[in-house]
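Asks: next input, structure requested:
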Amino acid sequence: MIKVIIERQIAEGLESHYEKAVGELLNVMTNAPGYISGESLIDAKRSNHYVVIAKWTTESAWSQWFYSQDRKRVMTAIAPFLQTEEKFTLLKQLAYHKYS
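Replies: Numbers count the residues shown, from 1 in each chain. All right, here's what the predicted structure looks like:
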């Protein structure tokens, strides 16, 4: 299992337009093979900084979604609101060790 953190800076004044458009992206993503769960968050101190945390079965499932036509189509609707390029961080769980 992996988690993907997606950070987006939205141009000021376009936040409500982004929120409407990203709703469709999240709905489409939930049907993608390998998608487990996710949440969409907004920075409490910067109202134009959005973070999506998505859980996927494997990195290849994420990659398949990332390069899919569904994602490209919805991202076309979101792109005009982005102030900067999206930032992605892929995380995998650290193996637990017993410390003595």
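
Asks: hmm, who's touching the worst-scoring helix or strand of the chain on mean pLDDT?
Replies: Least confident helix or strand, the chain: helix 15-29 with a mean of 86, by mean pLDDT, DSSP states H and E. When contacts are defined by C-beta atoms under 8 Å, 6 or more residues apart in numbering, helix 15-29 is touched by residues 8, 10, 35, 38, 40, 47-48, 50, 52, 54, 65, 70-71, 74-75, 77-78, 81. (C-beta placed from N, C-alpha, C; glycine too.)

Asks: put the buried members of these into a ChimeraX selection.
Replies: In ChimeraX, this line selects whichever of the contacts of helix 15-29 come out buried by 16 or more other C-beta atoms under 10 Å:
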select :8,10,35,38,40,48,50,52,54,65,71,74,78,81
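
Asks: now intersect the contacts of helix 15-29 with the helices, please.
Replies: 65, 70, 71, 74, 75, 77, 78 (DSSP state H).

Asks: could I get those as TSV with distance to residue 90 and pLDDT?
Replies: Formatted as TSV, those follow (distance: C-beta to C-beta, whole Å; pLDDT from 0 to 100):
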residue	distance to residue 90	pLDDT
65	12	96
70	20	91
71	15	91
74	20	85
75	18	89
77	24	88
78	20	92
